[in-house]
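# have a look at this fold, sequence not included:
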């Protein structure tokens, strides 16, 4: 009882303290993921996970910052990889690849979801400052300052349909408080940590950002084969030979008995 | 039932792969052709990355050719000495081809070059097969005069002569090495066994007796595809054993069915269907090269 009183008095003190100073506490986010780990096993054919959460408003405070309308943006950013960007050019009737840019630490996956399309929620400057949106994210990690066109071309690749989606996917947002969204992951996932960034936005201003991580890994035989192929490639090559030869050899034993 | 291919990094239906292996197996058993030049383009069509398709197909051919090679070896239909010469050339060719493969992959031109090679070879093979089967239809085949086995003068003139007892030949070792080398390059870049080049070359250039030709070519193919598998695995990390094994399951059974079917049906006349299939695949790949692509921009992973 005594403890409760202390806590209560502390809480009142706090709110009283802040309101006395005229400071406003912006609302914060409480979020969670439906999975922490995604396993790539033998019958993996892409995966889904849910991100959900709530807007937590400071109580006893009636400043305008705490009032709706809120907007939510959720980014999922895959572990970095190296990629070359090619453009097909027509040469004597043939379509030939021409390298136009090499990315060194580009995210292997990017997806964005929002209560409204990204452009309607944030201004160009805010996107840039907070590195929100696929183009700003790539420009920030790759240190591209001016050249927008290179990054924009990513939206024209086949990968833009699965791995680098530019358009904002919808989020269910109830009573300006509860939100949830589903993220589709393609089959060609890079193993590693996927950063989930959840932004709370009000009138084109980012009030709070919450980060979480979902881990993607190959498991079982997939992990074993992948490890062998990349870490012990010579052994893997010999295994491949042995497997094929023994397969053919066993087949010849089985079928020659039937044939003669 | 979906299965995840660990190296191709994609999910494919198991029955589709086993079925493809089976169909190609039936065709190769029926017509006595290797499955590689049919299988690899089919793998492109279902979306397997070309680099993985080629390397895994080399592995598949190794398994598919093993039983045939054993059978021919037992029947002593192999000219081992000539085979070793072709293997030596083949290993050098394969090493050369895998290196070219790696460079082309880095340059982003691999898919283009593989496809151009396929257009050329499928076009040539399909066309020749088509003409040949048209003749079979018209029964011109009977009237056709037998090609005389002759040694070209330029082959005779080359140095480094060796005696090949099984083939009853005394010829230069250079053409054998060169043929092996070219077949090795084809194996590593196109994911084919190369029998379709080697068999005619052995008959018409080296002048080997037909009895040992098929056995010797299979003998070469298993060693060269074995080396190719090893080199692709260790240099390009592109051999998918799950893919190779699934294709083998269908292929081995299919080949047995095909061999039996071939004995019953008039395979010579059905050959025209194979020719049409080959030409159709050639046409599809040609279109991919010339038609304006849907996505002008593409991304490729660097290792």
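Nice, thanks for sending it over. This one's a predicted model, so the numbers in the text were calculated from it and none came from an experiment. Numbers count the residues shown, from 1 in each chain, chains lettered A, B, ... in the order given.

# which stretches of the stretch 51-200 of chain A have low pLDDT?
Applying pLDDT under 70 to the stretch 51-200 of chain A flags residues A:59-65, A:144-147.

# what parts of it come near chain B?
A:81-88, A:90, A:93-97, A:99, A:102, A:153-154, A:156-159, A:187-189 (C-beta under 8 Å from any C-beta of the partner chain). No exception for glycine: its C-beta is placed from N, CA and C like everyone else's.

# ok, 7 Å please
Contacts of the stretch 51-200 of chain A with chain B, taken as C-beta under 7 Å from any C-beta of the partner chain, map to A:81-88, A:93-97, A:99, A:153, A:156-159, A:187-188.

# and those, which of them are buried?
Neighbour counting with 16 or more other C-beta atoms under 10 Å in any protein chain shown marks A:81, A:83-88, A:95, A:97, A:153, A:157, A:159, A:187-188 as buried within these.

# which of the residues you listed fall in strands?
The members of these that map onto strands under DSSP state E are A:81, A:83-88, A:95, A:97.

# farthest-separated two in the residues you listed?
A:81 and A:95 (25.2 Å; C-beta to C-beta).

# which parts of the stretch 201-303 of chain B are strands?
B:297-301 (DSSP state E, counting those that start in this stretch).

# let me fix that: the stretch 1-150 of chain B
Counting by DSSP E, counting those that start in this stretch, the strands of the stretch 1-150 of chain B are B:2-5, B:10-13.

# count of neighbours near the closest residue to residue A:185 other than its chain neighbours?
Spatial nearest neighbour of residue A:185, chain neighbours left out: residue A:47 (4.6 Å); criterion: C-beta to C-beta, 6 or more residues apart in numbering or on different chains. Look at residue A:47: counted by other C-beta atoms under 10 Å in any protein chain shown, it has 17 neighbours.

# same thing with residue A:30?
Quick note: residue A:30 (other C-beta under 10 Å) scores 11 neighbours.

# residues of the stretch 101-250 of chain B that sit close to chain A?
B:108-109, B:112, B:226, B:229-230, B:233-234, B:237, B:239, B:241-242, B:244-245, B:248.

# looking at these, which is nearest residue A:75?
Using C-beta to C-beta, those come closest to residue A:75 at residue B:108, 29.1 Å.

# rewinding a little: out of the ones in strands among the buried ones among the residues of the stretch 51-200 of chain A next to chain B, who's nearest residue B:210?
Distance to residue B:210 across those (C-beta to C-beta) is lowest for residue A:95, with 42.9 Å.

# tell me the bridge partners for that closest one.
Beta-bridge pairing for residue A:95 (DSSP bridges): residue A:90.

# report the contact partners of it.
Residue A:95 sits next to A:88, B:289, B:293 when contact means C-beta atoms under 7 Å, 6 or more residues apart in numbering or on different chains.

# nearest spatial neighbour of residue 89, skipping sequence neighbours?
If you meant another chain, say so; for now it's chain A. Leaving aside its chain neighbours, residue A:89 sits nearest to residue A:98 (5.1 Å; criterion: C-beta to C-beta, 6+ apart).

# to clarify, I was referring to chain B.
Nearest non-adjacent residue to residue B:89, counting by C-beta to C-beta, 6+ apart: residue B:180, 2.5 Å away.

# what separates residue A:218 from residue A:77, distance-wise?
According to C-beta to C-beta, to the nearest Å, residue A:218 stands 20 Å off from residue A:77.

# from chain A, which residue is nearest to chain B?
Nearest residue of chain A to chain B (C-beta to the nearest C-beta) works out as residue A:248 at 2.7 Å.
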